[in-house]
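Chemist: Take this sequence and fold it.
(chains A, B, C and D)
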Protein chains: 4
Amino acid sequence: MIRFALFGAGRIGKMHADNIAAHPNAELLYVYDLYQPSATETAAKHQAQVAESVEQALNDDQVNAVLIATSTDTHVDLLIKAAKAGKAILCEKPIDLDTDRVNRCWEEIKDCDVPIQIGFNRRFDPSHNEVKQAVRAGDIGELEQLIITSRDPGLAPLEYLKVSGGIFRDMLIHDFDIARFILGEEPVELHVIGSALIDPAVEEIGDIDSAMVLLKTASGKLVHINASRRASYGYDQRIEAFGSAGMVQSNNQTATSVSRYTEQSTAVKGPLLNFFIDRYGAAYDLQLGAFIDAVSAGEPVSPSFEDGHRAQQLADAAQQALDTGEVVRLQW
Amino acid sequence: MIRFALFGAGRIGKMHADNIAAHPNAELLYVYDLYQPSATETAAKHQAQVAESVEQALNDDQVNAVLIATSTDTHVDLLIKAAKAGKAILCEKPIDLDTDRVNRCWEEIKDCDVPIQIGFNRRFDPSHNEVKQAVRAGDIGELEQLIITSRDPGLAPLEYLKVSGGIFRDMLIHDFDIARFILGEEPVELHVIGSALIDPAVEEIGDIDSAMVLLKTASGKLVHINASRRASYGYDQRIEAFGSAGMVQSNNQTATSVSRYTEQSTAVKGPLLNFFIDRYGAAYDLQLGAFIDAVSAGEPVSPSFEDGHRAQQLADAAQQALDTGEVVRLQW
Amino acid sequence: MIRFALFGAGRIGKMHADNIAAHPNAELLYVYDLYQPSATETAAKHQAQVAESVEQALNDDQVNAVLIATSTDTHVDLLIKAAKAGKAILCEKPIDLDTDRVNRCWEEIKDCDVPIQIGFNRRFDPSHNEVKQAVRAGDIGELEQLIITSRDPGLAPLEYLKVSGGIFRDMLIHDFDIARFILGEEPVELHVIGSALIDPAVEEIGDIDSAMVLLKTASGKLVHINASRRASYGYDQRIEAFGSAGMVQSNNQTATSVSRYTEQSTAVKGPLLNFFIDRYGAAYDLQLGAFIDAVSAGEPVSPSFEDGHRAQQLADAAQQALDTGEVVRLQW
Amino acid sequence: MIRFALFGAGRIGKMHADNIAAHPNAELLYVYDLYQPSATETAAKHQAQVAESVEQALNDDQVNAVLIATSTDTHVDLLIKAAKAGKAILCEKPIDLDTDRVNRCWEEIKDCDVPIQIGFNRRFDPSHNEVKQAVRAGDIGELEQLIITSRDPGLAPLEYLKVSGGIFRDMLIHDFDIARFILGEEPVELHVIGSALIDPAVEEIGDIDSAMVLLKTASGKLVHINASRRASYGYDQRIEAFGSAGMVQSNNQTATSVSRYTEQSTAVKGPLLNFFIDRYGAAYDLQLGAFIDAVSAGEPVSPSFEDGHRAQQLADAAQQALDTGEVVRLQW
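Modeler: Below is the predicted model:
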């Protein structure tokens, strides 16, 4: 039985609490949130205890795992404390917006020998994952090209964007991870173009809202990522993998399977599943299950801290490419 | 808070138990099943009590609702007992295979004034329901024709078929209910053709495994139902409603949204969602939610006992049409 | 080289003229139409001769084939004349609205030993034909059920409907032919329901505009046809064949392959291909090619006069079923 | 009436001959091809004359238009001759593989004042064109991003590739033109990654077979092109335009509209339309019609010589980006 302390009871934290509660091999013991009412509500719902402090939860020997879903700037501190307390850790992405801090964090915890899984939930999305499995199984022959479409339904508030670390570290980090996941190989060359097309205020805070990326691996595989902070037609999340023997797509999803035919138009399906908790609900659940299974079995968790680190390096490189307007070459 | 006694802890019963446990306004107090281990397992999972007898549960004043998911031949007896005990009832379809028994049941309970909802869960399927709402809202103008496709993935065991009441009372009763639900009007003419094409043993037990039905309403609306006990390609559940101003379809659903393109074939999606607990999982949950909401608010539940009764009369008429080879005219 | 006289230069006749002119092994020698300007225009376009009379064309030994695309009431007379003149014949459906006249026609021409092909062009539609080939090849195992959807885009003028012979002889005759074509077996039982839902004037002239048919074959195969004189969303032409090992569908077609995604709706494809000359353009062309190939090679043409005859008998039976409200049993 | 001399009677030339012959306002007077049998066959098919020489056709005053479908290296010479002879010109792309020669060609003919249309047929594809019209009409709001997928079904022979000018000048030139067509604006920044993944022999001749391009316009619009010399699953030709108010896609096309459902797989549609004469057949025809209409009406033809020139400059820039591994900035 994996007994969790949950740090962070915001929207994502609450969803994690539900998933833990519903899992047959997991139990929620503590909920901690700086904002007490959230912690209280979440703890009450699942007969858990409100932790007075992070330490209270970490000091309880019954707790053998920690789920970190607090704001990004607290991740490193909590990672270090939890690792030193010997707990298995499932930490929301990104580890930190600053790669130097990520590196220092690693220095501090690398000897702790606890499982640390980073919350790249999209790897667990059944459709995206089927693309990965099809590529791995050789169903499309040798992988040659990969296209990732990643468009949020609507522009986040400027207040959020200002502290988000920029579109690459905040949003495309997921896509860099998916690219690495499917490629099974590191990119060595990176190109970026980007603009603030949705709202000029985005440019004023030094960020962009529309981005296109190219990646090339050492073996010559080609990757394209296109991203936007706003897709008026809904949350657009697709992958296409092209190989020597075929192509496989992970397409968008709709809530219902209804088509309407009228004089004016044909086949209007329902709207796309809206945003990450709907679209990736199963992925969050499967991610938690994979963590629980691996920790229970004493097997390595995945994606690892190193995976989190590398996706971040790609995000940093993309930011650099945007800032300099030049190609970035990567060494690993 | 609606506090349930669950009668029947087979596959469907277990699913109902999960749904009750997950519902914020419901609680599972008792589980009863002739087969004790099922009752014990289900009760333990949700911290409920195993009822020694039906009466124990019904005598507990804390229980204000009963969910009947036992074998069909016990429904009438449990309905009568629960109604006389003043409990709100959600009863799996069909009420009984014998319409005479259904009538006698009604005579016994009609004065009990308890909410009785029959488990025609497909009315609550989000896609099927969207067809109903589109028709009701006039989105396709005046409804003219309706086609229901209803094909099970595989032939049930002969032992089950022998006591099933026949394809119309066992399987198409759902489709007769959906037809009535969308039509908002009673059929007055019924035609049937049918065969045992899948397994000759089905004919030997006096049943068919493949059926096509036509229904005509008093206002001239036309309905077709096609059904098979076996669709090798998966559970095929579709509705098409044709109106003066358009058409609306509820199409099949797949578990993932992956397409594969190869030299030999294009766009192979994943398999269809398999069978009722997968395909209609949301429907079962929404059905329970509607029951809980209505009972909590003191509003009438739907589909009602009378809806169950009428679907059964259509199933009886279909059986008669098959047996006689003639058109059946219906009066209501 | 097959050298044609074309009788009838209306909309369909003009299309046939274009197809003949474009075919490498065919030539258009004569065009005849009661309405001289149509004949003149069509003949001029293809450097053919306007025939002063049917006889002029039939007496020309260079002419070895006749394409009959005149009004239905003239078909029998032209069939007899052309057959007696020893010409190969491609005749638009139906042979005649009156089955007695069809029978008498056959008596007169049965010894003429000329190829006579009836214009059931839908057999040649590449998608419908692929269904036939899949069934024949056993791709779906043993055929069990068949559903044909046949909906015209808009109600024809009442003047036309009055002389059309009724919905079964005018419109569903195509679907009866497709049913026989795919079944490879004759129906022995026929059910009909129908209504005038689109326009009450249709009822006043003794016809219906909405129809549903059931057919059952001797071996127990089940067929459903649904038809409407008006589908507001376009010309709806689909086939589904269900077998022991799978299902195959011939779906609708659109002029372009464009999808539009907006905030209000997702995946609006273009409108359905409108009406028969667009939707079945390729079929008309392939039908002519099959006729030319067979006649050139001295092989039997198909669909034959007998096929035309049998589809008509099904249409007659359907009309009888509608008129009497009873099941019709057929013997062949 | 536009009376054509056709230069080049290879596969493409023959298709142009058919289209000219079928057009009501066009006539084919001469066919010229170095390989006499092709010229003879094509001329015979359409009752045209075999031109002994280019000059013979150009000196005939009856000829008022020239269609150039010869090998690329002869285009410039024929363009100059035809322009000086005062003929309207429809010339297959590219003008020449060498932009210097294109420039010199323009110097020679710029004062001739004859209509010159370059054969970027994809602009006329009904589905691609619908994307352009949707963008122009503001149906997706302000255009922000554009993705073009352009994958040939199979690697062309090495002999062809050696003289093709490279993947950018030979293949992606179409996509650069489509990008400019839909953008309505020039790209100012260009990135390329590419590899020889299909066949190492491609690398040996100094070319690539797999390419990804990024383009950015002055106003900040972002474009991605992905291309491959081989898509094992068929000719993959798609466009996606993303705007502030929606998205519009031009999707692939299949020859039939058949879906197959089996135990193993669901919804296998037919194969993609194979290669350009099938996929873009309508586009070639509409391109010719647009040329004939514009020339007949004395209106400017489009795409113009300048359009051909600019697509070529983008292809040159892409080649330079590939060769240097650096970003290319463009000025116009």
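Chemist: Get me the contact residues on the stretch 1-150 of chain A for chain D.
Modeler: Within reach of chain D by C-beta under 8 Å from any C-beta of the partner chain, the stretch 1-150 of chain A has these residues: A:141, A:142, A:144, A:145, A:147. (Each C-beta comes from the backbone N, C-alpha and C, glycine too.)
Chemist: Need the three-state assignment for the last one.
Modeler: Put plainly, it is residue A:147. strand (DSSP: H, G, I helix; E, B strand; the rest coil).
Chemist: Show me what it is bridged to.
Modeler: Following DSSP bridges, residue A:147 is listed with bridge partners residue A:224, residue A:240.
Chemist: what about it, distance to residue B:186?
Modeler: Separation of residue A:147 from residue B:186 (C-beta to C-beta, to the nearest Å): 54 Å.
Chemist: which non-adjacent residue is nearest the one residue sitting closest to the centre of chain A?
Modeler: A centroid search over chain A (C-alpha atoms, centre = their mean) returns residue A:120, at 3.3 Å, as the residue closest to the centre. Residue nearest to residue A:120 in three dimensions, not counting chain neighbours: residue A:177, with 4.4 Å by C-beta to C-beta, 6 or more residues apart in numbering or on different chains.
Chemist: what helix or strand is that neighbour on?
Modeler: Here residue A:177 sits within helix A:173-183, counting by DSSP states H and E.
Chemist: can you dump the C-alpha coordinates of that helix into PDB?
Modeler: Written as PDB, here are the backbone C-alpha positions of helix A:173-183 (Å, rounded to 0.1, in the frame of the first residue of the first chain):
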ATOM      1  CA  ILE A 173       8.300  21.500 -22.000                       C
ATOM      2  CA  HIS A 174       5.500  18.900 -22.300                       C
ATOM      3  CA  ASP A 175       6.100  18.600 -26.100                       C
ATOM      4  CA  PHE A 176       9.900  18.400 -25.700                       C
ATOM      5  CA  ASP A 177       9.300  15.500 -23.300                       C
ATOM      6  CA  ILE A 178       6.900  13.800 -25.700                       C
ATOM      7  CA  ALA A 179       9.400  14.300 -28.600                       C
ATOM      8  CA  ARG A 180      12.200  12.700 -26.500                       C
ATOM      9  CA  PHE A 181       9.800   9.900 -25.400                       C
ATOM     10  CA  ILE A 182       8.900   8.900 -28.900                       C
ATOM     11  CA  LEU A 183      12.200   9.500 -30.500                       C
END
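Chemist: What strands flank the helix or strand following that helix, and is each parallel or antiparallel?
Modeler: On the C-terminal side of helix A:173-183, the closest following helix or strand by DSSP H and E is strand A:187-195. Strand pairing for strand A:187-195, determined by DSSP bridges: strand A:210-217 (antiparallel), strand A:328-329 (antiparallel).
Chemist: Check the offset of strand A:187-195 from the chain's centre.
Modeler: Offset of strand A:187-195 from its chain centre (C-alpha atoms, centre = their mean, to the nearest Å): 20 Å.
Chemist: What of stretch A:49-56?
Modeler: 26 Å.
Chemist: for it, which positions count as buried?
Modeler: Neighbour-count burial for stretch A:49-56, counted by 16 or more other C-beta atoms under 10 Å in any protein chain shown, picks out A:49, A:50, A:51, A:54.
Chemist: cool, and stretch A:280-287?
Modeler: Residues of stretch A:280-287 classed as buried: A:280, A:283, A:284, A:285, A:286, A:287 (neighbour count, 16+ other C-beta under 10 Å).
Chemist: and residue A:310, what does it touch?
Modeler: A:180, A:186, A:332 (C-beta atoms under 8 Å, 6 or more residues apart in numbering or on different chains).
Chemist: one step back: what's the distance between the residue nearest to residue A:120 and residue D:5?
Modeler: In this view, residue A:177 and residue D:5 are 60 Å apart by C-beta to C-beta.
Chemist: and the angle for the helix ranked longest in chain A with strand A:187-195?
Modeler: Ranked by residue count and defined by DSSP state H, the top helix of chain A is helix A:305-324. Angle, helix A:305-324 to strand A:187-195, by axes from the mean of the first three to the mean of the last three C-alpha atoms, to 10 degrees: 50 degrees.
Chemist: any idea how far helix A:305-324 is from the chain center?
Modeler: 14 Å.
Chemist: Now do the SS call for whatever residue of the stretch 201-332 of chain A ends up closest to chain D.
Modeler: For the stretch 201-332 of chain A and chain D, the shortest gap (C-beta to the nearest C-beta) falls at residue A:220, measuring 3.3 Å. Per three-state DSSP, the secondary structure class of residue A:220 is coil.
Chemist: Identify the residues contacting the helix holding residue A:177?
Modeler: Against helix A:173-183 from outside (C-beta under 8 Å, 6+ apart): A:93-94, A:120, A:122-123, A:128, A:131-132, A:135, A:143, A:146, A:148, A:150, A:168, A:186-187, A:213, A:215, A:217, A:221, A:223, A:225, A:227, A:239, A:241, A:303, A:307-308, A:310-312, A:314-315, A:318.
Chemist: and if you look at stretch A:22-37?
Modeler: Contacts of stretch A:22-37 (C-beta under 8 Å, 6+ apart): A:1-10, A:13, A:17, A:20-21, A:39, A:42-43, A:46, A:48-51, A:53-54, A:56-57, A:60, A:62-63, A:70, A:285, A:288-289, A:292, A:296, B:22.
Chemist: Tell me the span between the first and last residue of it.
Modeler: 22 Å (C-alpha to C-alpha, to the nearest Å).
Chemist: cool, and stretch A:147-167?
Modeler: 18 Å.
Chemist: I'd like the distance from it to the chain centre, please.
Modeler: Relative to its chain's centre, stretch A:147-167 lies at 13 Å (C-alpha atoms, centre = their mean).
Chemist: Can you show me the helices along chain A?
Modeler: Using DSSP H, helices in chain A cover A:11-22, A:36-45, A:54-59, A:75-84, A:99-109, A:126-136, A:158-162, A:167, A:173-183, A:200-204, A:275-279, A:281-297, A:305-324.
Chemist: now the strands paired with strand A:187-195 as a markdown table including mean neighbour count?
Modeler: Listed next are these as a markdown table, based on neighbours: other C-beta atoms under 10 Å in any protein chain shown:
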| stretch | mean neighbour count |
| --- | --- |
| strand A:210-217 | 25 |
| strand A:328-329 | 16 |
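Chemist: Would you mind putting those strands into CSV with mean pLDDT alongside?
Modeler: Below are these laid out as CSV (pLDDT from 0 to 100):
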stretch, mean pLDDT
strand A:210-217, 98
strand A:328-329, 97
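Chemist: Turn these into a markdown table, columns for distance to residue A:202.
Modeler: Formatted as a markdown table, those follow (distance: least, C-beta to C-beta, whole Å):
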| stretch | distance to residue A:202 |
| --- | --- |
| strand A:210-217 | 9 |
| strand A:328-329 | 22 |
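Chemist: coming back round to it: closest to chain B among the buried residues of stretch A:49-56?
Modeler: Using C-beta to the nearest C-beta, the shortest approach to chain B within the buried residues of stretch A:49-56 belongs to residue A:49, at 18.3 Å.
Chemist: Quick check: residues of the stretch 151-300 of chain A near chain B?
Modeler: So far as C-beta under 8 Å from any C-beta goes, the stretch 151-300 of chain A lies against chain B at A:245-253, A:255-263, A:270.
Chemist: If any of the residues you listed are buried, put those into a ChimeraX selection.
Modeler: To isolate the buried ones among these in ChimeraX, judged by 16+ other C-beta under 10 Å, type:
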select /A:246,247,248,249,250,251,252,253,255,256,257,258,259,260,261,262,270
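Chemist: wait, isn't residue A:4 in contact with residue A:68?
Modeler: No. Applying C-beta atoms under 8 Å as the test, residue A:4 and residue A:68 come out as separate, 10.7 Å apart.
Chemist: Below-threshold pLDDT in the stretch 1-150 of chain A: ranges please.
Modeler: Low-confidence segments of the stretch 1-150 of chain A (pLDDT under 70): none present.
Chemist: Around residue A:293, count how many other residues there are.
Modeler: Residues within reach of residue A:293, counting by other C-beta atoms under 10 Å in any protein chain shown, total 14.
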